[in-house]
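Enquirer: This is a predicted model, with the sequence first.
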There are 2 protein chains.
Amino acid sequence: MGTHGNLIIGQSGGATAVINASLVGAVEAALQDTRIGQIYGMWHGIQGLLQEDIVDLRGQPAHLWAELMNTPSAALGSCRYKLKDDDLERIIAIFRRYEIHALLYIGGNDSADTVHRIAQAARAAGYDLKAISIPKTIDNDLPLTDHCPGYGSAARFIAMATIDSTMNTLSMPWHYPVKVIETMGRDAGWLTAAATLGKRNESDAPHVLLLPEKTFHAERYLAQVEEAYRRFGYVVVVAAETLRDEQGQALGAVGQVGVDAFQHPLLSGAAQYLVELVKEHLKLRARFDKPGDLQRMASFCVSRVDREEAYLVGQAGTRAALAGETDKMVILQRQEIPQYHCTTGLAELSNVANVQRLMPEDFLDAEGTMVTPAFLNYALPLIGEPLPAYPRLEHTRINKRV
Amino acid sequence: MGTHGNLIIGQSGGATAVINASLVGAVEAALQDTRIGQIYGMWHGIQGLLQEDIVDLRGQPAHLWAELMNTPSAALGSCRYKLKDDDLERIIAIFRRYEIHALLYIGGNDSADTVHRIAQAARAAGYDLKAISIPKTIDNDLPLTDHCPGYGSAARFIAMATIDSTMNTLSMPWHYPVKVIETMGRDAGWLTAAATLGKRNESDAPHVLLLPEKTFHAERYLAQVEEAYRRFGYVVVVAAETLRDEQGQALGAVGQVGVDAFQHPLLSGAAQYLVELVKEHLKLRARFDKPGDLQRMASFCVSRVDREEAYLVGQAGTRAALAGETDKMVILQRQEIPQYHCTTGLAELSNVANVQRLMPEDFLDAEGTMVTPAFLNYALPLIGEPLPAYPRLEHTRINKRV
C-alpha cells in the first residue's frame, strides 16, 4: 500500500460523451504515482459504494484506458442518489475498512454536494480523507469553472444538428417551413444557445431561440415565428425541453388535458407543443427533431477540446488529492494568450454545491431572445474544430424566355 | 455546342447527406465529355424547370464540386411535385428552346415516375431526349437496384444513434429503463432495421423492432417490452414513424382525441405514443429520441461507401445518356468477389416507377419482429467503416465485507 492509502473514483449523474476521459485522466495520474495504494472504482457511483459494489481499477487490462477515451457514457455506471444522513456514517466506515483516503467523484451539481457532505462528515469523524469533485455536465451550469467538461461536445452536437437539419429545410422550404429542435440543459440555456454557434448572419438558423431562463409566452413565440417566416420564408426554432409558461407549468404538461383510446393522459412535450401551436395558429406546416440522449452521447460528434479538458480535470483531481487538498472541485480557468487554452484550478465545494449558473445577461440581447457576440466568443473555442461552412451554388438564371 | 446538345440535371424528393455527390458525379462526367454543350441545373427540380428557373453549372466556381461532395442536402434545391398532363408539353417545349437533349433527375420513386413520363412524352412528340433517373432515397425502397444511395449514411446514423443512445441508458438502466427511438423510412422498414447493425447478441439493443410492414398491436408490443425488461433490465425500442394499427390509422393520429388549452388537437406521434403506452400499462419510466431530419442530413455520420456510390451513380447517369440510353434508371449491382463492391447498371423505368420495395421475408424472422443474419450481411457493407465496439470495465467486486 502506498503512503497515501487507497483511492476510489466514481461517476455520477447524467453521462456525457467524454465523462470517461475524466475517469482515464484520474486513473492514469493515480497509476503514475507510487504514493497511491489500490485504485478502486464505485460501480454506479455512491449508490454502488453503499452496497460495497467496488471494483479494482489497477487490475483492468492496460489497453482499456486508451479505448475508454473514445467511449461515451459512464464506464463505471452512474447514479442519481441523494445522500441520507445515515449514509454518511456508513460511507466513512466503508472507507475506513478499505483504507480509502482519497475520493474522486465525477459529476454535476448534485454530485458536488455529495462530495461536500462526505468531506464534512470525514472531518467531523476525524477521518483523513481527501475528497475532490471533478466537474461534468452537458448543462454547463456549475459555478466558478469557466465551463464544464461534457458541454463542448453536446454543444458541438446541437450546433451541427441545427446546421445540418436546416440544410434539409432549405432544400424545400415550403414543404415544412417551420422546424423545432428540442434541446436538453435543465434550467440553463447554455445548450439551447449552442444552436447559434454556426449562425453567421441574421438569416441563418436558428431564428427563434427559447431559453429556459425566460418565461414562455405563446403570443410572443407565435409573433417571432411569423416574423421570421415573413422575412426568410422558413423558420428554425431551437427550444429547451424545460420551457415553462407564465404559470410555471412545463410546456409538455400543458397538453395533459386529453386522454387517448387507452385512457391515459397525453403529454405533448415542449417541441411537439411548439409545433402544434404553429400549425394551429399560423396554419404553417411544422415538425420537430428531438435528439434526446444522442446530444449527450454522440461519439461521432465529440469536441476534441472537450475530450482533452475532460482528461485534464480528471488528472488534476488525482493530483489535488495527492497534494492534500479536500472539499474542493477542480475548475477550468481560461487563458486567452496567445490563444485559447485552459488550465485547472480548485474551488471550495461550499461555494459550488447546489449553485446553478444560468446564462449571464451579457450573453443575451436585451429581449433575451438571441445570443450576443460575447456568447459566441465564449463558446466557440469549446466545440473544437471549426463548424463546416457549406458552399452554395450560384443561383443565376439562364434567360431564354421568349 | 456539343454534338449531343445540352444537358440538364435536377434533384428531387427528400434530400440526403450524399445526394450532392450524385450531382457532382453527373456534372464531372459531363464536364469531361466534349460532346456535351451546356450543363444546366433545375432550381428546385421539375417545379423550378416549369418556371424556367434554370442555372448554368459550367459557370460555377471550379472548387465548388469538391466541396459539395461533403455538403448534405440538395444544392440545387428539391421539390415534391406531381406532374400534370399539360406540364409535359411545356417541359418538352422548354427543352426544345434550351436545346436540352439529356435529362438527369436524382430522386426516389416519384422522381423516377416523373422521368418515365417525360421520356414517354418526348418519344410521343418525336423529340430526341435521353432521360435518365439517378436513384436516391434514405428509405431504400426502390426496386431493381441492390440498394439506394442515401440509405447507407442514414442507416449508419440510425445504427450509431442506437448504439450511443443505449450507452446512456446503460449508465443508469433503472432511471429510464425504456427508450424509444423513432426512425423515418416511409412504408419500408429498411431504416428501422438498420438500428440492429451494431447488435452483436440478444441482450444488445434494439430489443424491440417495430417495422412499418407489420401492423402494430399494442398488446403484443407491451408484451415484448415487458419480456425484454424482465430479461435485460432495460429495453430499447426502435420504431418507424409510419406505424399503423389494425384500423390502418397512424399511431400518432390515435392520440388526436384531446385538445389543449389553445383548443387545438393533440397529436402524439409514434414514439410519444409508444412511450405513453409503456408508462401507463407497464408503469415503467420511458422516453424517446426522434432524430428527425438529422438522420437524413448528418454530415458527421456519412458512410464513405455511400458517398462513393452516390458519386458513381451520378457519373453513370451522364454516361448512360451519352451512350444513347433513355427511360432508364441507374442501378447498383453488388459484387461480392473478392469483396463487396458495386458496379452500375440500368433498369427500365417502366419497371421502377411507383414500385416500392419493402423488406423481403428472408431479412426478417418468422414473427417479423427481428432481422436475420441475411439482412446484416446485406446492410453492413453499405454503412462504411465498422461500427465501434465499446470496451467495458470488468465488474469484479473487491470483497472486504465483514
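Expert: Noted; the coordinates are in hand. Bear in mind that the values here come from a model prediction, so they are computed numbers and not experimental data.

Enquirer: just the strands in chain A please.
Expert: For chain A, the strands defined by DSSP state E cover A:6-11, A:39-42, A:54-56, A:100-107, A:130-135, A:178-183, A:208-210, A:235-240, A:286-289, A:328-335, A:341-348.

Enquirer: Over the fifth one, what's the mean pLDDT, rounded is fine.
Expert: Think strand A:130-135. In this model, strand A:130-135 has a mean pLDDT of 98.

Enquirer: Name every strand pairing with that strand and say which way it goes.
Expert: As defined by DSSP bridges, the strand partners of strand A:130-135 come to strand A:100-107 (parallel), strand A:328-335 (parallel).

Enquirer: which residues sit against that strand?
Expert: For strand A:130-135, contacts defined as CB atoms under 8 Å, 6 or more residues apart in numbering or on different chains pick out A:22, A:26, A:101-108, A:111-112, A:115-116, A:118-119, A:122, A:142, A:145, A:148-149, A:313-314, A:316-317, A:320-322, A:324-332, A:349, A:352. Where you see a C-beta, it was placed from the backbone N, CA and C, and this is true even at glycine.

Enquirer: picking up where we left off before, deepest of the strands paired with strand A:130-135, which one?
Expert: strand A:100-107 (a mean of 28; mean count of other CB atoms under 10 Å in any protein chain shown).

Enquirer: quick revisit: any chance of the strands paired with strand A:130-135 in CSV, plus mean pLDDT and distance to A:Pro173?
Expert: Shown next, in CSV, are these (pLDDT from 0 to 100; distance: least, CB to CB, whole Å):
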stretch, mean pLDDT, distance to A:Pro173
strand A:100-107, 98, 43
strand A:328-335, 97, 39
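
Enquirer: and A:Arg156, which of those strands is closest to it?
Expert: Relative to A:Arg156, the nearest member of the strands paired with strand A:130-135 by CB to CB is strand A:328-335, separated by 16.7 Å.

Enquirer: For the closest one, give me every contacting residue.
Expert: A:112, A:115, A:132-135, A:142, A:144-149, A:309, A:312-313, A:316-317, A:320, A:340-349, A:352.

Enquirer: With stretch A:23-35 instead?
Expert: Stretch A:23-35 is contacted by residues A:2-4, A:7, A:9, A:11, A:36, A:39, A:57-58, A:65-66, A:68-69, A:74-76, A:104, A:106, A:134, A:310-319, A:322 when judged by CB under 8 Å, 6+ apart.

Enquirer: Could you pull up the mean pLDDT of it?
Expert: With pLDDT averaged residue by residue, stretch A:23-35 scores 97.

Enquirer: Pull out the buried positions in that stretch.
Expert: Using 16 or more other CB atoms under 10 Å in any protein chain shown as the burial criterion, the residues of stretch A:23-35 that qualify are A:Leu23, A:Val24, A:Gly25, A:Ala26, A:Val27, A:Glu28, A:Ala29, A:Ala30.

Enquirer: ok, of the residues you listed, which one's closest to B:Phe288?
Expert: Comparing those against B:Phe288 with CB to CB places A:Leu23 closest, at 28.6 Å.

Enquirer: Distance-wise, check the closest one relative to B:Ala159.
Expert: From A:Leu23 over to B:Ala159 the distance is 26 Å, taken as CB to CB, to the nearest Å.

Enquirer: got it, and A:Arg200?
Expert: Distance, A:Arg200 to B:Ala159, by CB to CB: 32 Å.

Enquirer: same thing with A:Ala119?
Expert: Distance of A:Ala119 to B:Ala159, given as CB to CB: 43 Å.

Enquirer: do the same with A:Met172
Expert: As for A:Met172, its distance to B:Ala159 is 27 Å (criterion: CB to CB).

Enquirer: Below-threshold pLDDT in the stretch 151-300 of chain A: ranges please.
Expert: Scanning the stretch 151-300 of chain A with the threshold set as pLDDT under 70 gives A:253-268.

Enquirer: Helices of that one, start to end?
Expert: For the stretch 151-300 of chain A, the helices defined by DSSP state H, counting those that start in this stretch occupy A:151-171, A:190-193, A:218-232, A:251-254, A:270-282, A:294-297.

Enquirer: For A:Glu241, which of the strands paired with strand A:130-135 is the nearest?
Expert: Smallest distance to A:Glu241 across the strands paired with strand A:130-135 (CB to CB): 20.7 Å, for strand A:100-107.

Enquirer: quick one: that closest one to strand A:6-11, angle?
Expert: For strand A:100-107 against strand A:6-11, the angle by axes from the mean of the first three to the mean of the last three CA atoms, to 10 degrees is 10 degrees.

Enquirer: got the contact list for strand A:100-107?
Expert: Contacts of strand A:100-107 (CB under 8 Å, 6+ apart): A:4-13, A:19, A:22-23, A:26, A:36, A:40, A:45-46, A:94-95, A:111, A:114-115, A:118, A:128-137, A:314, A:317-318, A:321-322.

Enquirer: Give me the distance between that strand and the centre of its chain.
Expert: Distance, stretch centre to chain centre, for strand A:100-107: 21 Å (CA atoms, centre = their mean, to the nearest Å).

Enquirer: what do you get for stretch A:326-339?
Expert: In terms of CA atoms, centre = their mean, the gap separating the centre of stretch A:326-339 from the centre of its chain is 18 Å.

Enquirer: End to end on it, go ahead and measure it.
Expert: Stretch A:326-339 has an end-to-end distance of 31 Å (CA to CA, to the nearest Å).

Enquirer: How about stretch A:355-365?
Expert: End-to-end span of stretch A:355-365 (CA to CA): 24 Å.

Enquirer: what comes up buried for that stretch?
Expert: Going by neighbour count (16+ other CB under 10 Å), the buried part of stretch A:355-365 is A:Arg357, A:Leu358, A:Met359, A:Phe363, A:Leu364.

Enquirer: Specify which member of the residues you listed is nearest to A:Asp245.
Expert: Among the buried residues of stretch A:355-365, A:Leu358 lies closest to A:Asp245 (CB to CB), at 18.3 Å.

Enquirer: what's the distance between that closest one and A:Asn351?
Expert: Taking CB to CB, one finds A:Leu358 at 16 Å from A:Asn351.

Enquirer: Which among the contacts of stretch A:23-35 count as buried?
Expert: The neighbour count (16+ other CB under 10 Å) marks A:2, A:4, A:7, A:9, A:11, A:36, A:39, A:57, A:65, A:68-69, A:74-76, A:104, A:106, A:134, A:310-319, A:322 as buried among these.
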